[in-house]
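In: output the structure for:
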Amino acid sequence: MPATTPAPTDTTTHPAAPPLRDVGTARRWSMLGASTLAQAATAVMVHGPAFLIPVLHARAGLSLAEAGLVAAAPTVGVMLTLVLWGLVSDRRGERFVLLVGLVATTAAGLVSTRTHAVAWLVLTLGLAGAAAASTNAASGRVVVGWFPAGRRGLAMGVRQMAQPVGVGVAALTMAVVADQYGVQAALWVPTLACGLAAAVVAAVVLDPPRPDPRAGTAPNPYRRDRFLVRVHAVSVLLVVPQFLVWTFALVWLVQDRDWSPAAAGSLVALAQLAGALGRIGAGHLSDVVASRMRPLRWVAAAAGTTMALLGATAGAGWGVAVGLVVVATVLTVADNGLAFTAVAERAGPHWSGRALGVQNTAQFLAASAVPPLAGLAVAGLGYPATFALGALFPLLALPLVPVRSERELG
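Out: Next up, the predicted model:
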């Protein structure tokens with residue numbers, strides 16, 4: 001869609017949607033900052049346990065598959081509640097969902113810091129993930145609701161950088177703290193981050209304009225065509241290499257490359273920072289080329305190629321594999337903002353909460369299976385072959401990207 005004209009969901013598809021209320025540029029960007037902080041804090045909670053795997057494996061006696069199950073617990077919690085949070089967001093507003101979810105995530109995190117049994121750790125982290133799903137459902141709608149169509153790609157790219165930044169913070173802090181002081185001490189990192197985010201959201205975020213309820217409810221966008229379904233399917237396929245790299249890059253560096261946890265965590269954090277900047281770049285590119293789907297296809301092709309090269313070079317023992325891990329980290333996260341923005345725009349204000357909930361549920365369903373299954377693959381095949389297998393999923397996604405449907409819609 002042209003960057004100089006409104007998105008179809010603003011006026012054409014959903015005529016009941018009101019124009020953006022002027023709250024001032026500074027307030028709009030401050031709400032983007034608060035939403036980004038909220039998403040980053042919950043990303044530390046959801047993805048941080050992956051960086052406890054070395055300690056869980058080496059000191060707690062868990063197998064890689066069992067440690068991967070602990071790491072996947074918050075992801076499962078997120079997956080189970082995303083659509084529900086989206087429904088609440090559509091009906092009660094984004095501010096309410098963000099505040100309730102962040103407070104509940106903080107509370108669950110506090111309990112996890114006092115938990116030592118593995119079963120209880122899985123339970124408390126699962127509950128923390130279930131509460132953390134609130135930011136996935138609501139923070140994106142805050143951005144889409146407050147920014148015009150020609151700036152949404154960039155703004156959503158900024159918001160989507162929260163996830164890799166959160167993962168980077170977790171890699172830089174939780175792996176080191178767990179190595180020195182134990183798992184429970186490391187869990188204070190996401191707990192404190194979520195508490196801070198709740199305070200900032202309370203001070204800054206306002207609900208974006210919503211359609212007049214007297215105008216009626218817009219038709220179900222899933223019955224209109226298969227555009228949203230195809231975007232969901234593409235995102236599911238692309239999330240597999242993303243979580244494969246996120247979960248096992250640090251473990252691979254420590255176990256196969258003999259890096260210290262601190263050095264490995266620093267590299268992963270640097271890679272995540274680069275990935276965050278990559279999301280901003282991808283979002284801005286989508287504004288410039290007036291398309292979300294064409295850049296999405298480019299990212300899928302590049303991610304598949306990089307994962308294949310990573311598998312080959314890691315198998316050969318070449319040092320360039322370390323650099324390819326960084327490149328893979330950047331590319332495998334670049335698609336999220338593009339797909340997220342496209343889903344929100346296509347669904348419109350009546351359905352965006354639920355559609356984004358479905359989008360994230362599908363992604364987290366796949367993501368929750370990656371750590372334990374990839375752990376089994378690593379145990380049986382090794383890291384190089386497992387990385388190479390990750391290349392298949394982006395290649396399968398390529399023909400599903402609905403570029404032609406986007407042109408027809410625009």
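
In: check the gap between the nearest residue to residue 384 once chain neighbours are set aside and residue 54 for me.
Out: Using CB to CB, 6 or more residues apart in numbering and skipping the chain neighbours, the partner closest in space to residue 384 is residue 315 (3.4 Å). In short, each C-beta sits where N, CA and C put it, glycine included. Residue 315 is 22 Å from residue 54, where distance means CB to CB, to the nearest Å.

In: these two: which has the busier surroundings?
Out: Taking neighbours as other CB atoms under 10 Å, residue 315 and residue 54 compare with residue 54 leading, 20 against 15.

In: residues near residue 389, how many?
Out: As a burial measure, residue 389 scores 18 neighbours (other CB under 10 Å).

In: hang on, it packs against residue 380?
Out: No: look at residue 389 against residue 380 with CB atoms under 8 Å: they stay out of range, at 11.3 Å.

In: may I have the phi/psi pair for residue 288?
Out: Main-chain dihedrals, residue 288, degrees, to the nearest 10: phi -70, psi -40.

In: ugh, wrong one, I meant residue 305
Out: Residue 305 adopts backbone torsions of phi -60, psi -40, taken as degrees, to the nearest 10.

In: so it sits against residue 392, correct?
Out: No: using CB under 8 Å, residue 305 makes no contact with residue 392, being 12.0 Å away.

In: excluding chain neighbours, what is closest to the residue most central in space within the chain?
Out: Nearest residue to the geometric centre of the chain (CA atoms, centre = their mean): residue 163, 5.1 Å. By the measure of CB to CB, 6+ apart, the closest residue to residue 163 outside its immediate chain neighbours is residue 43, 4.6 Å from it.

In: and the gap between that neighbour and residue 246?
Out: Relative to residue 246, and taking CB to CB, residue 43 is found at 10 Å.

In: count the residues that sit near residue 59.
Out: Residues lying near residue 59 (other CB under 10 Å) number 12.

In: which residues sit in contact with it?
Out: Listed by CB atoms under 8 Å, 6 or more residues apart in numbering, the contact set of residue 59 is empty.

In: mind redoing it with 10 Å?
Out: Residue 59 makes contact with 178-179, 182-183 under the criterion CB atoms under 10 Å, 6 or more residues apart in numbering.

In: so which of those wins on neighbours?
Out: Neighbour max across those (other CB under 10 Å) = residue 178, 26 neighbours.

In: my guess is it contacts residue 57. True?
Out: No: Residue 178 is beyond contact range of residue 57, at 11.4 Å (criterion: CB atoms under 10 Å).

In: ok now stretch 118-138, how far from the chain's centre?
Out: 14 Å (CA atoms, centre = their mean, to the nearest Å).

In: list the buried residues for that stretch?
Out: Of the residues in stretch 118-138, those buried under the neighbour-count criterion (16 or more other CB atoms under 10 Å) are 118, 121-138.

In: what about dumping the CA coordinates of that stretch to CSV?
Out: Extracted as CSV, the C-alpha positions of stretch 118-138 are listed here (Å, rounded to 0.1, in the frame of the first residue of the first chain):
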residue,chain,number,x,y,z
VAL,A,118,11.9,-28.7,38.5
ALA,A,119,8.1,-29.4,38.3
TRP,A,120,7.2,-26.3,40.2
LEU,A,121,9.7,-24.3,38.2
VAL,A,122,8.0,-25.4,35.0
LEU,A,123,4.6,-24.5,36.5
THR,A,124,5.5,-21.0,37.7
LEU,A,125,7.3,-20.2,34.4
GLY,A,126,4.3,-21.4,32.5
LEU,A,127,2.1,-19.0,34.6
ALA,A,128,4.5,-16.2,34.0
GLY,A,129,4.3,-16.8,30.3
ALA,A,130,0.5,-16.9,30.4
ALA,A,131,0.5,-13.5,31.9
ALA,A,132,3.2,-12.1,29.7
ALA,A,133,1.1,-12.9,26.6
SER,A,134,-0.8,-9.7,27.4
THR,A,135,1.9,-7.5,25.9
ASN,A,136,1.9,-9.5,22.7
ALA,A,137,-1.8,-9.0,22.3
ALA,A,138,-2.0,-5.3,23.4
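
In: pLDDT on that stretch, on average?
Out: Over the span of stretch 118-138, the pLDDT mean works out to 90.

In: low pLDDT regions in this protein?
Out: Scanning the chain for pLDDT under 70 picks out 1-23, 60-61, 210-217, 408-410.

In: can you do 50?
Out: Along the chain, segments meeting pLDDT under 50 span 1-20.

In: just say helix, strand or coil for residue 257.
Out: Going by DSSP: H, G, I helix; E, B strand; the rest coil, the secondary structure assigned to residue 257 is coil.

In: tell me the contacts of it?
Out: Applying CB under 10 Å, 6+ apart, one finds that residue 257 lies in contact with 263-264, 267, 314, 317, 319, 321-322, 325, 383.

In: ok so, going back, can I assume the residue nearest to the centre of the chain is in contact with residue 242?
Out: Yes: taking contacts as CB under 10 Å, residue 163 lies within contact range of residue 242: 9.5 Å.

In: mutual contacts of those two, please.
Out: Common contacts of residue 163 and residue 242, defined by CB under 10 Å, 6+ apart, comprise 275, 333, 336.

In: thinking again about what came up before, helix or strand for the residue nearest to the centre of the chain, which one?
Out: helix 162-181 (DSSP states H and E).

In: quick check: the gap between residue 40 and residue 314.
Out: From residue 40 across to residue 314, the span is 29 Å (CB to CB).

In: repeat for residue 252
Out: Residue 252 sits 7 Å away from residue 314, going by CB to CB.

In: what is in contact with the two at once?
Out: With CB under 10 Å, 6+ apart, residue 252 and residue 314 have common neighbours 321-322, 325, 382-384, 386-387.

In: can you tell me which of these are in strands?
Out: In strands, defined here by DSSP state E, there are no members of the shared contacts of residue 252 and residue 314.

In: most neighbours out of these, which is it?
Out: Within the shared contacts of residue 252 and residue 314, most neighbours by other CB under 10 Å means residue 387, with 33 neighbours.

In: excluding sequence neighbours, find me the nearest residue to it.
Out: Per CB to CB, 6+ apart, closest to residue 387 is residue 311, 4.0 Å.

In: for residue 287, same thing?
Out: Nearest to residue 287 is residue 153, by CB to CB, 6+ apart, at 3.9 Å.

In: what are the ranges of the helices in the stretch 201-350 of the chain?
Out: All helices of the stretch 201-350 of the chain, identified by DSSP state H, counting those that start in this stretch, fall at 227-255, 261-288, 293-316, 320-333, 335-347.
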